[in-house]
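In: how would this look folded up:
(chains A and B)
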Amino acid sequence: MPIIKVENLTKDYTNEGVLTSVLHGINFSMEQGEFVAIMGPSGSGKSTLMHILSFLDSSTSGVYEFEGKDTKDFDKDYLAKLRNERIGFVFQSFNLLARTTVLDNVKLPLIYSNKKNHDDLAKKALADVGLSHRLDFFTNQISGGEKQRVAIARALVCDPAVIFADEPTGNLDSKSGNAVLEILQKLNDKGHTIILVTHEMDTANHAKRIIHIKDGMIIDDELVKNRTIASPDKELKK
Amino acid sequence: MTIRSLLSRKGRSFLTMLGIVIGVAGVIVIISLGAGAQSLVLGQVNKLGSNLLSIQPGKSDPNGPPVQAFGVVITSLVNSDADALRSPTQVPHAAAVSAVVRGSATVTWENKSVDTNFVGTDSGYPNVVNFTMQEGQFMNQPDADGSANVVVLGSTVASELFDGTGVDPIGQVIKVRNASQTTAGGIPLRVDGVITPRGTAFFQDQDDQIILPLNLGEEQLLGIHYLQAINVKVDSADNIDRTITDITNVLKQRHHILTDKDIDFTVRNQATAVDLLTTITSALSLFLTSMAAISLIVGGIGILNIMLATVAERTREIGLRKAVGATNAMIMRQFLLEAGTLTLIGGAIGILVGVLTSYLMSVLMKKLGFDWDFVISITSIVLAVGVSALTGVVFGLYPSFKASRLNPIDALRYE
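Out: The predicted structure follows:
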C-alpha cells in the first residue's frame, strides 16, 4: 500500500475575484521509506503540492489517499492529529518560536500529543541532529544551520510517518546546507520517508527519486542515478 | 506553559496589564472618593444632631437660603415665641427647644485678645446640639436662662488664650465685647467650661466660638430684642411633620397671621437638608461613576491596542502550532488561559493600587482636617475587574478566532 497516493489533484486560489490555477491534475504515488525530491522552477506549484500533501492546505479537487485512507473524509480535528502524529514539516524559513529555547521549540508538537516524557523525547531528537549542546539557547542565539536542525528535530520528535522539507537549504550557506542534507539522508537510512522540495538539481540529487514539476503538472518522474551522499567535509554546490 | 508564554513577551504582557491596572484602579479610586465625599457631607449634617428643626425669621423657601443671606433683618421672632414652643400641650413632640442669637466677638484675657464668634443661647442648647464638655460644665439652667456673667469656651478659643500659660481656664474671667463695639473693656464673664473639640461642620470651625447666656448676647452684645433662630429637637423622626404643623400653628397665632402668604417665619427641616445633600452627592457620585466608566474604556482601548498590534504575529504563531498538530480547541484554550491570567493578575494589581491610593487619599484628607471616611465599594471592584477581564479575554481571543478559520499554511503566511 503506498503511503501517499494522489489522483488528479488540483488547486485553485481566488484572490479578489481573480482565479489562479496552481495545480492542474497531479498524479503520483509514494511508498514508505522512499526519499523523493519534487523539483521545479519558481511558481511551478511544488510548494503548494507539498502543503496539500502535509495537510497544511486543502486541495480544490482530486483524490488524496494517505496511508490507504481517502483524506476527503478527514475532519479538522483528525487532520490536526495527523499533523501531530504522522507528519513532520521543515520550512524554508525555519518557523521557530521566537524568545523560546531550542528545547522548548522541539517540545512544541509533544504538547499537543498524548506522549509523556517530553523532555526525554525532545533531547533525543536534538541528539539525532547533533544539537545536544544547544538545549537552553534561545532561537536568536543560534546560527541559521542550527535553526534548521532544530526544525528537523521538531519535525522528528513525534516519530512521524513522513517528513516534508520545503527548500530546507534555501536560507543556508553551503556548509550548513550540506549538514542538513546529511541528516535527512541518515534519517532515510533509518527508515523515515522523506519528501523534499527544491529548485536546485544539486540538492535534488541527494534524494533517491526526483519528480519534476512545471506549471502545475508533473513532467517527469525518475530515479536518481548518481546519488550525492552528503558527508561532513563536503559543501553543497549552489 | 502559559506563564512562560507570557514571560516571553514581557513588554506586551506588561502593557496589557497596565491597561487593566489603570482601568481597575481608576474605578476603585474614583468611586471611593465619591463615597468618601458623600459620607463627609452627610457626616457633617449628622454631627449637628438629628431630628432637628430650625425656625428662622422671614419667609423663604425651606430648601433655599434663609432671608438673612440676602441681608434682610427680620425682627418678628422673639423670646416668648421660644417659650410658647416649649408648651407640651401645643407642641407635644418637641423634646427640646433652644433660642439662639449669634454674632462675632473679641475675647480678651490678661493681655491676650482673640476674635471669635459667640452664640447666645439658653439651657435647652445642649439638648438640641450634640456636644460634650472637655472640662468643667455647661452653663447651668438659672445662669443660662438669666443673664449671669458666665461663658463656655470652644476648644480653639481656650487654646488660643490659655495654652502655654499653665493656667486652667475654668474659673478665669475673660472680657467679651461685640466686634463692632469700639469701647475698650467688655463684659466680664466667668469661664464655666470648655467644649470637647468637634472639628469642622460645613467648613466652619465649631470650636472657634464661645457660648453665653441668651439675654446677655441679645441685649448687651447685640443690642436687639429678637431672635435669629429657634432650634427644636423632635422626639422621633416619625413626629417631624406633625411638629412642623404644630410649630407653624403656634407661631401663626402668636404673630396674628391669618393667611399663609403672610407667614413671617420659616421652619427648616434638617432631614430635608439631608435629602437635598444626598441628592447632590448622589449626582456627584453619578458624575464620578461616569468618569470611572471612561477610565475603564481607556484601559480597555489600551488592551485592544496591544492585542491588535500583535494579531499578525500571533496568527502566524497559531499557524505554526496548527502545523504541528494543535486543534482549534487547543489554540482557543491556550489563548483563553493567557488572556485570563493577564487580566486576573492585572485586576489583582489594580485592586491593590486602587485600594492603597484611596487609603492614602483618606489619610491626606483627614490630615487636612476633613472628617473623611475610607470607603471601598465592593460593587466597584467587581464591576471594574469584570469589565477589564471581559475586555482582556475578548480581545485576547481575537487572533485565535481569526486563525481558526484559516488553513495552517494561510495562518503561517498571515500579514
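In: wait, isn't A:Leu223 in contact with A:Arg209?
Out: Yes: in this structure, A:Leu223 is within contact of A:Arg209 by Cβ atoms under 8 Å, at 5.3 Å. From N, CA and C alone the C-beta is placed, and that goes for glycine too.
In: between these two, which one's more packed in?
Out: A count of neighbours by other Cβ atoms under 10 Å in any protein chain shown puts A:Arg209 above the other of A:Leu223 and A:Arg209, at 19 against 9.
In: Leaving out chain neighbours, which residue sits closest to the more buried one?
Out: A:Val36 (4.8 Å; Cβ to Cβ, 6 or more residues apart in numbering or on different chains).
In: May I have the secondary structure class of that neighbour?
Out: strand (DSSP: H, G, I helix; E, B strand; the rest coil).
In: Show me the shaky parts of the chain.
Out: If you meant another chain, say so; for now it's chain A. The model of chain A has pLDDT under 70 over residues A:237-238.
In: You answered for a different chain; I wanted chain B.
Out: Looking along chain B with the criterion set at pLDDT under 70, you get B:1, B:45-49, B:63, B:67-68, B:179-185, B:200-204.
In: Name all residues that make contact with the residue in it that chain A sits nearest to.
Out: When scored by Cβ to the nearest Cβ, chain B has B:Gly325 as its residue closest to chain A, at 2.3 Å. Counting by Cβ atoms under 8 Å, 6 or more residues apart in numbering or on different chains, B:Gly325 makes contact with A:80-81, A:83-85, A:109, A:112-113, A:158.
In: switch to 10 Å and redo it
Out: A:55, A:79-87, A:108-113, A:158, B:408 (Cβ atoms under 10 Å, 6 or more residues apart in numbering or on different chains).
In: what helix or strand is B:Tyr359 on?
Out: When elements are assigned from DSSP states H and E, B:Tyr359 belongs to helix B:328-367.
In: Determine the set of other helices and strands touching that helix.
Out: Here helix B:328-367 touches helix A:76-85, helix B:2-8, helix B:10-47, helix B:270-309, helix B:311-323, helix B:378-404, going by 3 or more Cβ pairs under 10 Å, 6 or more residues apart in numbering or on different chains; DSSP states H and E.
In: How about the fourth one and chain A, touching?
Out: Yep, that's helix B:270-309 we're talking about. No: judged by Cβ under 10 Å from any Cβ of the partner chain, helix B:270-309 and chain A are separated, with a smallest distance of 15.2 Å.
In: ok so, going back, roughly how far apart are the closest residue to the residue of chain B closest to chain A other than its chain neighbours and B:Leu383?
Out: Spatially, and ignoring its direct neighbours in sequence, B:Gly325 is nearest to A:Asn84 (2.3 Å; Cβ to Cβ, 6+ apart). To B:Leu383, A:Asn84 is 42 Å away according to Cβ to Cβ, to the nearest Å.
In: CA atoms only: put the lengthiest helix in chain A into CSV for me.
Out: Secondary structure assigned by DSSP state H gives helix A:174-189 as the longest helix of chain A. Only the C-alpha atoms of helix A:174-189 are listed here, as CSV (Å, rounded to 0.1, in the frame of the first residue of the first chain):
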residue,chain,number,x,y,z
SER,A,174,26.7,25.6,1.6
LYS,A,175,28.3,24.1,4.6
SER,A,176,25.1,24.2,6.7
GLY,A,177,23.1,23.1,3.8
ASN,A,178,25.3,20.1,3.4
ALA,A,179,24.9,19.2,7.1
VAL,A,180,21.1,19.4,6.8
LEU,A,181,21.0,17.1,3.8
GLU,A,182,23.4,14.7,5.6
ILE,A,183,20.9,14.5,8.5
LEU,A,184,18.0,13.9,6.1
GLN,A,185,19.8,11.1,4.3
LYS,A,186,20.7,9.5,7.6
LEU,A,187,17.1,9.6,8.7
ASN,A,188,16.0,8.0,5.4
ASP,A,189,18.6,5.3,6.0
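In: give the contact list for residue 31.
Out: Reading this off chain A. A:Glu31 touches A:1-5, A:193, A:209, counting by Cβ under 10 Å, 6+ apart.
In: not what I meant, chain B
Out: B:285, B:288-289, B:291-292, B:354, B:358, B:375-377, B:379-381, B:383-384.
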